[in-house]
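> no sequence for this one, just the structure:
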């Protein structure tokens with residue numbers, strides 16, 4: 001009895017390193033036998049008992065979970081903590097205490113590689129579950145649902161451990177009712193990088209003195225917020241790292257003082273959820289975003305003199321298994337991570353092998369659930385071999401064999417287990433992705449039906465009447481509709497009631513699912529009806545040819561080939577990564593084609609002979625409509641009939657002629673300058689550009705001058721068609737934009753030598769917001785007034801331009817100062833195209849629409865955007881906000897990201913409404929815009945579905961799909977605006 005009492009006291013109060021190796025082994029054997037008889041509190045909550053220790057003999061084995069390795073665990077998660085912030089020069093300079101622990105202290109350091117998507121909520125899930133979250137979690141990151149997957153937090157709560165949390169409220173949403181005490185802060189208000197961390201630190205002094213908790217989780221957001229606002233090279237980064245270093249020192253010293261009383265080791269985990277790109281964002285797959293720092297600090301990890309431990313590369317998912325072992329919990333069932341072995345290498349060999357065996361059993365079970373032919377997997381074969389060797393070692397161990405054979409066999413088993421864990425983890429990381437094929441097919445069918453319906457409606461929509469009628473009610477009363485509906489409903493019931501089905505669509509209510517099936521059936525019947533009508537009209541035209549055969553123009557060929565080429569390029573990952581290069585090429589080619597058309601019309605007659613281009617009768621501005629009203633088909637699918645009518649090039653004057661001839665080259669020059677401003681994509685994103693040069697602290701004066709000149713040019717280009725009230729508001733608003741940027745330290749006033757007095761600029765930004773709302777209100781008022789006074793066409797024109805001007809002012813506020821030239825050159829190109837290309841050449845509405853679409857896509861990338869989530873400027877969503885408001889922040893972020901497409905679409909509506917009074921122009925534009933946008937989206941959905949097992953499905957194709965989804969929403973809003981303006985135009 002005395003010996004057993006001594007064992008219990010040793011197990012409860014003695015640190016493992018304080019007993020001799022022989023004594024520790026003896027204690028461990030007795031503890032193993034004691035565990036076989038003693039009830040475990042953890043087993044009362046387990047879904048299934050842990051796997052027993054393998055043995056080649058008949059004697060009783062270790063069948064319970066090992067006891068916890070640590071008494072308390074503190075997880076200090078610093079958002080955006082990439083590896084070089086700790087292990088690089090910044091860590092040496094700003095985190096001296098952490099550097100000491102890494103180089104000489106009792107710690108193990110790792111570079112943890114995160115998987116895509118590198119945003120906060122999926123990374124928290126990966127850290128706590130050990131699984132690989134899906135890409136849809138990028139959307140769920142905005143409003144995280146409760147986590148139902150097996151995870152360390154739930155296991156700890158079930159084991160009766162008391163968990164306290166302070167920091168990012170995402171944890172509170174993922175784990176509701178799991179914390180005995182918590183204080184959450186919003187993670188989206190990126191302008192705040194002080195109070196958001198002070199709110200966490202203010203609890204430390206009290207909670208560290210208390211002993212009523214087992215796990216403490218701290219999530220600091222300030223570093224990530226600084227990255228979003230100022231980038232990783234901001235001086236604020238150093239101040240924040242120094243602050244985090246002091247917090248770490250406070251926690252560590254408190255844990256050490258507690259260990260002196262309890263003699264049981266604690267664990268302090270310092271980690272990051274994701275890294276930070278060179279622009280300050282995250283979400284993509286660059287090394288700066290994937291590699292995060294991970295440091296495990298505990299007195300149990302004592303280091304001998306001269307023991308150099310360099311950071312090892314591991315997977316972020318490995319932390320879940322390590323925490324579970326450290327807390328004496330079952331490893332989460334869906335974890336694909338492996339135990340970080342350095343954390344247990346100081347334990348006895350039998351414990352080491354027990355930990356590795358539990359991890360290998362969990363991974364092998366997961367492999368069996370996800371891979372039908374799991375027995376042929378190399379990792380499974382290695383696991384079985386390791387288990388057999390482990391059983392042989394147990395037999396020798398229980399026979400009191402202390403020979404060198406036991407030691408060598410134990411080392412061999414350990415190596416075999418580690419190799420099996422690596423192989424199993426790698427195999428599972430590739431295999432566990434589950435695809436909701438049924439829901440994907442339902443969505444794809446609906447998208448294809450809408451696309452086919454649009455294609456079949458081209459002749460009707462682009463006729464002189466410009467009518468697009470899609471009768472969905474008439475098919476409801478047809479027999480085909482009911483047959484299709486019954487077949488689809490039966491298929492839905494079969495799929496959703498099958499034992500293995502688990503999908504989003506089956507999770508919907510039966511009423512909602514029935515509505516979707518009815519919509520699919522109605523669309524199918526509408527497609528069949530439209531197809532029959534097309535065949536009937538074709539037979540009628542062949543019998544009674546009323547029009548001469550149409551022929552393709554050169555511009556039609558270019559637009560068709562360019563659009564189809566872009567769609568085909570989406571099937572290659574490299575073209576998706578570098579999609580900006582495709583649009584740059586198409587826009588430049590379009591400019592050359594327009595230049596060729598201008599020169600041909602000016603210098604050559606129809607028969608190819610040269611003609612003079614100097615005699616004129618009237619100027620460029622004519623009272624005739626600027627758009628040539630042709631009875632056309634959409635350029636994406638069919639050519640228009642080339643008219644032999646004279647163009648307005650015959651009326652050019654001297655300077656106007658030279659401006660027309662020079663305009664394409666000026667536009668090409670502008671596009672080339674814009675390409676040098678922001679390097680984007682993947683291959684060349686790391687190269688220096690004008691944007692990096694301007695944003696460096698050494699060139700703040702040059703940036704200030706450029707920003708001031710850009711705002712001045714914006715006023716000159718925009719004010720020409722505004723009312724006097726809007727001109728004054730625009731001038732004051734642009735002045736407020738500069739004041740806002742000066743307030744937050746981006747630019748300087750002439751009398752200001754430095755930017756020490758930095759604020760959040762809330763007052764200045766709200767000052768601009770007032771003028772934006774005022775201009776938009778004035779424009780909306782004029783549009784409503786034009787509804788009443790139908791004869792006054794000028795009121796509507798001015799109203800549309802004022803709405804466009806208000807959007808330009810909002811874009812100027814949200815754009816970073818170095819991006820203001822993008823807005824300037826966008827306005828300049830629109831002016832040149834309007835006055836010197838579209839008017840002289842009398843392009844029709846469909847051609848102008850597709851040109852607008854091409855330029856809007858190019859300007860999306862000129863802004864510095866890409867198909868990576870990391871290029872989204874989250875800080876734009878909080879300009880003028882002092883607290884987090886979800887709807888305004890989401891709207892401002894979306895507008896700042898898609899400002900190029902929105903501004904070009906708004907300009908299209910304003911131009912078509914002001915330059916032509918044809919009732920069909922806006923209808924033609926709306927239809928062509930919708931078709932041109934929906935065609936690549938539909939094709940891309942099919943490509944992503946077919947390429948779902950591609951190596952780059954998560955890093956390349958999935959982010960692009962999110963951008964396309966957002967683009968569809970914006971296109972839908974633009975088409976609604978088109979339709980509203982078309983109704984107004986028709987009424988007038």
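Okay, I see it. In this text the structure is predicted, and so the values were computed from the model without any measurement.

> In the stretch 801-950 of the chain, where is pLDDT below threshold?
By pLDDT under 70, the weakly predicted segments of the stretch 801-950 of the chain are 916-919.

> What ranges does it have for its helices?
Shown for the stretch 801-950 of the chain, the helices assigned by DSSP state H, counting those that start in this stretch span residues 820-833, 839-841, 845-862, 886-897, 899-915, 921-946.

> swap in the stretch 51-200 of the chain?
Assigned helices in the stretch 51-200 of the chain, in chain order: 84-87, 89-94, 96-103, 120-129, 137-140, 152-158, 170-174, 195-201 (criterion: DSSP H, counting those that start in this stretch).

> any idea how far the first one is from the chain center?
Pointing back at helix 84-87 there. Between the centre of helix 84-87 and the centre of its chain there are 25 Å (C-alpha atoms, centre = their mean, to the nearest Å).

> Longest helix in the chain, please.
helix 510-543 (DSSP state H).

> is it true that residue 77 touches residue 273?
Yes. Using C-beta atoms under 8 Å, residue 77 is in contact with residue 273, at 6.1 Å. No exception for glycine: its C-beta is placed from N, CA and C like everyone else's.

> anything in contact with each of those two?
With contacts taken as C-beta atoms under 8 Å, 6 or more residues apart in numbering, residue 77 and residue 273 have residue 127 as neighbours in common.

> out of these two, which sits in the busier spot?
residue 273 (27 against 23; other C-beta atoms under 10 Å).

> So what's the residue count around the residue nearest to that one when sequence neighbours are not counted?
Excluding the flanking residues, the one nearest residue 273 by C-beta to C-beta, 6 or more residues apart in numbering is residue 123, at 3.8 Å. The number of residues packed near residue 123 is 26, by other C-beta under 10 Å.

> From residue 183, how far out is residue 123?
21 Å (C-beta to C-beta, to the nearest Å).

> still on that earlier bit, what residues are up against the residue nearest to residue 273?
Counting by C-beta under 8 Å, 6+ apart, residue 123 touches 114, 273, 274, 316.

> what does residue 599 give?
residue 661.

> For it, what is the enclosing helix or strand?
helix 579-603 (DSSP states H and E).

> which element follows that helix toward the C-terminus?
Immediately after helix 579-603, counting by DSSP H and E, sits helix 654-677.

> What is the helix or strand that that following helix is followed by packed up against?
Counting by DSSP H and E, the next helix or strand C-terminal to helix 654-677 is helix 690-695. Judged by 3 or more C-beta pairs under 8 Å, 6 or more residues apart in numbering; DSSP states H and E, helix 690-695 is in contact with helix 654-677, helix 700-718.

> which one of the ones you listed is the most hemmed in?
Mean neighbours per residue, mean count of other C-beta atoms under 10 Å, is largest over the helices and strands packed on helix 690-695 for helix 700-718, with a mean of 19.

> Could you give me the buried positions within the helix or strand immediately after it in the chain?
Remark: after helix 700-718, the chain's next helix or strand is helix 724-743, criterion DSSP H and E. Neighbour counts over helix 724-743 (16 or more other C-beta atoms under 10 Å) mark 726-727, 729-730, 732-743 as buried.

> At the geometric centre of this protein, which residue do we find?
Among the residues of the chain, the one closest to the centroid is residue 869, at 3.3 Å (C-alpha atoms, centre = their mean).

> Confirm for me that that residue is in contact with residue 135.
No. Taking contacts as C-beta under 8 Å, residue 869 lies outside contact range of residue 135: 9.6 Å.

> Reformat the helices and strands packed on helix 690-695 as JSON lines; add distance to residue 215 and mean pLDDT.
Output for the helices and strands packed on helix 690-695, formatted as JSON lines (distance: least, C-beta to C-beta, whole Å; pLDDT from 0 to 100):
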{"stretch": "helix 654-677", "distance to residue 215": "48", "mean pLDDT": "89"}
{"stretch": "helix 700-718", "distance to residue 215": "46", "mean pLDDT": "94"}
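
> quick one: which of the ones you listed is nearest residue 199?
Comparing the helices and strands packed on helix 690-695 against residue 199 with C-beta to C-beta, the closest turns out to be helix 700-718 (31.9 Å).

> Span of stretch 334-346 from start to end?
Using C-alpha to C-alpha, to the nearest Å, one end of stretch 334-346 lies 27 Å from the other.

> How far does the longest helix of the chain sit from its chain's centre?
36 Å.

> Please list the outside residues in contact with the helix or strand following that helix.
Heading C-terminal from helix 510-543, the first helix or strand you meet, by DSSP H and E, is helix 554-569. When contacts are defined by C-beta under 8 Å, 6+ apart, helix 554-569 is touched by residues 575-576, 579, 582-583, 586, 589-590, 593-594, 596-597, 635-637, 639-640, 843, 847, 850, 854, 932, 935-936, 939-940.

> Pipe the helices of the stretch 801-950 of the chain into JSON lines and attach mean neighbour count per row.
Shown next, in JSON lines, are the helices of the stretch 801-950 of the chain (neighbours: other C-beta atoms under 10 Å):
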{"stretch": "helix 820-833", "mean neighbour count": "22"}
{"stretch": "helix 839-841", "mean neighbour count": "22"}
{"stretch": "helix 845-862", "mean neighbour count": "25"}
{"stretch": "helix 886-897", "mean neighbour count": "17"}
{"stretch": "helix 899-915", "mean neighbour count": "23"}
{"stretch": "helix 921-946", "mean neighbour count": "21"}
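
> Out of these, flag the one nearest residue 519.
Short answer: helix 921-946, nearest of the helices of the stretch 801-950 of the chain by C-beta to C-beta, at 16.5 Å.

> now that closest one and helix 899-915, what's the angle there?
160 degrees (axes from the mean of the first three to the mean of the last three C-alpha atoms, to 10 degrees).

> Tell me how far whichever helix or strand comes after helix 921-946 lies from the chain's centre.
Per DSSP H and E, the first helix or strand lying C-terminal to helix 921-946 is helix 958-987. Distance, stretch centre to chain centre, for helix 958-987: 21 Å (C-alpha atoms, centre = their mean).
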